[in-house]
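**Q** quick check, what structure comes out for this input:
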Amino acid sequence: MVRLTRIYTKTGDGGTTALGSGRRVRKDHPRIEATGDVDELNAAIGVVVAEAVATDVAAILRRIQNDLFDLGADLTVPESGARRRKGRPPLRVTPDQVAHLERAIDLFNARLAPLNSFVLPGGTRIAATLHHARTVCRRAERRLVTLARRESVNQQALIYLNRLSDLLFVLGRHANDDGAGDVLWVPGGGR
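**A** Have a look, this model is predicted:
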């Protein structure tokens, strides 16, 4: 269990932060950028849960929030040079966590009519917050891809974010009366 007794340490005042491996990096390092976007995604999902979503959706999203902390822990301990802390291996995102997302996608997508156009972010307030979380998820995924070009990353973390953005899209449609209230793109409709 994590125990935090002091909130400020002053160790980051010079623009660096410590990874879980103990190595210090600049706060704009791609690993920290990716971790920050995962943190922002978690906060965006917290906003969705605060909107009083249906109980089944809230339970899925709370589990995802926990998974996103796992993903953040995964990112803070680079795969190369990872060491055991207190006798435990570094926490990594697993295929089981991805499979949970896939089951949720299949469950909610089965209720939706097929699309004949792209969906604009909007409709109900909950749908709009889910679409916003989806775009933050896509950014976190892009940051992780950038990091993966420089350093080794857990491929399950990349897959997790890709599936999560799909789930957030499906849940956004679900929040729009199972797609009946979706706002659809009309090509050239704004001319």
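**Q** avg pLDDT for the lengthiest helix in the chain?
**A** Counting by DSSP state H, the longest helix found in the chain is helix 125-150. In this model, helix 125-150 has a mean pLDDT of 97.
**Q** which strands and helices sit next to that helix?
**A** Using 3 or more C-beta pairs under 8 Å, 6 or more residues apart in numbering; DSSP states H and E as the contact criterion, the elements in contact with helix 125-150 are helix 30-50, helix 155-175. Heads up, the C-betas are built off the backbone N, CA and C, glycines and all.
**Q** report the angle between it and helix 30-50.
**A** In terms of direction (axes from the mean of the first three to the mean of the last three C-alpha atoms, to 10 degrees), helix 125-150 departs from helix 30-50 by 170 degrees.
**Q** rewinding a little: of all the helices and strands packed on helix 125-150, which one is nearest Arg139?
**A** Closest to Arg139 of the helices and strands packed on helix 125-150 is helix 30-50 (C-beta to C-beta; 5.4 Å).
**Q** what average pLDDT does that closest one get?
**A** Over the span of helix 30-50, the pLDDT mean works out to 95.
**Q** what sits up against that helix?
**A** By C-beta atoms under 8 Å, 6 or more residues apart in numbering, the residues outside helix 30-50 that reach it are 17, 19, 25-26, 58, 61-62, 64-65, 68-69, 71-72, 75-76, 78, 126, 129-130, 132-133, 136-137, 139-140, 143-144, 146-147, 150-151, 161.
**Q** just the helices and strands packed on helix 125-150: most buried one?
**A** Among the helices and strands packed on helix 125-150, ranked by average contacts under mean count of other C-beta atoms under 10 Å, first place goes to helix 155-175 (a mean of 22).
**Q** which helices and strands does that one pack with?
**A** Counting contacts by 3+ C-beta pairs under 8 Å, 6+ apart, helix 155-175 is packed against helix 55-76, helix 95-109, strand 119-120, helix 125-150.
**Q** any idea which of these is most buried?
**A** helix 125-150 (a mean of 20).
**Q** now do that helix: distance to the chain's middle.
**A** 6 Å (C-alpha atoms, centre = their mean, to the nearest Å).
**Q** likewise stretch 31-50?
**A** 6 Å.
**Q** tabulate the helices and strands packed on helix 125-150 (CSV), appending distance to Pro95.
**A** Shown next, in CSV, are the helices and strands packed on helix 125-150 (distance: least, C-beta to C-beta, whole Å):
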stretch, distance to Pro95
helix 30-50, 19
helix 155-175, 6
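**Q** which stretch among those comes nearest Asp182?
**A** So among the helices and strands packed on helix 125-150, helix 155-175 is nearest, using C-beta to C-beta, at 5.9 Å.
**Q** just checking, next helix/strand downstream of that closest one?
**A** strand 183-184 (DSSP states H and E).
**Q** just checking, what packs against that following strand?
**A** strand 119-120.
**Q** what's in contact with the strand it packs on?
**A** Strand 119-120 is contacted by residues His131, Phe169, Gly172, Arg173, Asp182, Val183, Leu184, Trp185 when judged by C-beta under 8 Å, 6+ apart.
**Q** noted, bye for now.
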